[in-house]
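Student: build the 3D model from these lines:
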Amino acid sequence: QVQLVESGGGLVRTGGSLRLSCAASGRAVSDYPLAWFRQPPGKEREFVAAINWNGDITSYAESVKGRFTISRDNAKNTVYLQMNRLSPEDTALYYCAKSNTKWTMSRRRDEYNDWGQGTQVTVSS
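Tutor: Residues are numbered from 1 along each chain as shown. Just a heads-up that it's a prediction; the model follows:
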């Protein structure tokens, strides 16, 4: 069992930046793809970004491409999400997740079996 703990959320104005972190403990995640999802108020949880085991392959939702960057530091068992040019539409609870398998870097929620508790990002206009 792995525990994932997100941090770095907060309140920011439109156009601002935040960097989210997700630290894993209990079991190493260095062999697995990791991802960020988010759940806006009153909406379904949606894919944001994913990264393969060594960080050389990434995938982004169209809505964040060019503004968000996912990265990881396997020595620290941590995945990051750098978010730039934030808009009110980015307001959501942000979750990190570990893939069920070592080989699948998916955009589907059911492909991830370990989740953090989430960190709130609120962007004011």
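
Student: list the contacts for the residue most central in space within the chain?
Tutor: Geometric centre of the chain, nearest residue: Trp36, 2.1 Å, by C-alpha atoms, centre = their mean. For Trp36, the contact set (C-beta atoms under 8 Å, 6 or more residues apart in numbering) comprises Leu20, Cys22, Val48, Ala49, Ala50, Ile70, Val79, Leu81, Tyr94, Tyr95, Cys96, Ala97. Any C-beta I mention is one placed from the backbone N, CA and C, and that applies to glycine too.

Student: enumerate the beta-bridge partners assigned to it.
Tutor: With DSSP bridges as the criterion, Trp36 is bridged to Ala49, Cys96.

Student: how close does it sit to Ser125?
Tutor: From Trp36 across to Ser125, the span is 23 Å (C-beta to C-beta, to the nearest Å).

Student: next, count neighbours for Leu11.
Tutor: 12 (other C-beta atoms under 10 Å).

Student: check what pLDDT it gets.
Tutor: Looking at Leu11, its pLDDT is 98.

Student: now it: which helix or strand?
Tutor: Leu11 belongs to strand 10-13 when elements are defined using DSSP states H and E.

Student: quick check: buried residues in whatever helix or strand comes next after that strand?
Tutor: Sequence-wise, the next helix or strand downstream of strand 10-13 (DSSP H and E) is strand 18-25. Residues of strand 18-25 classed as buried by neighbour count (16 or more other C-beta atoms under 10 Å): Leu18, Leu20, Ser21, Cys22, Ala23, Ala24.
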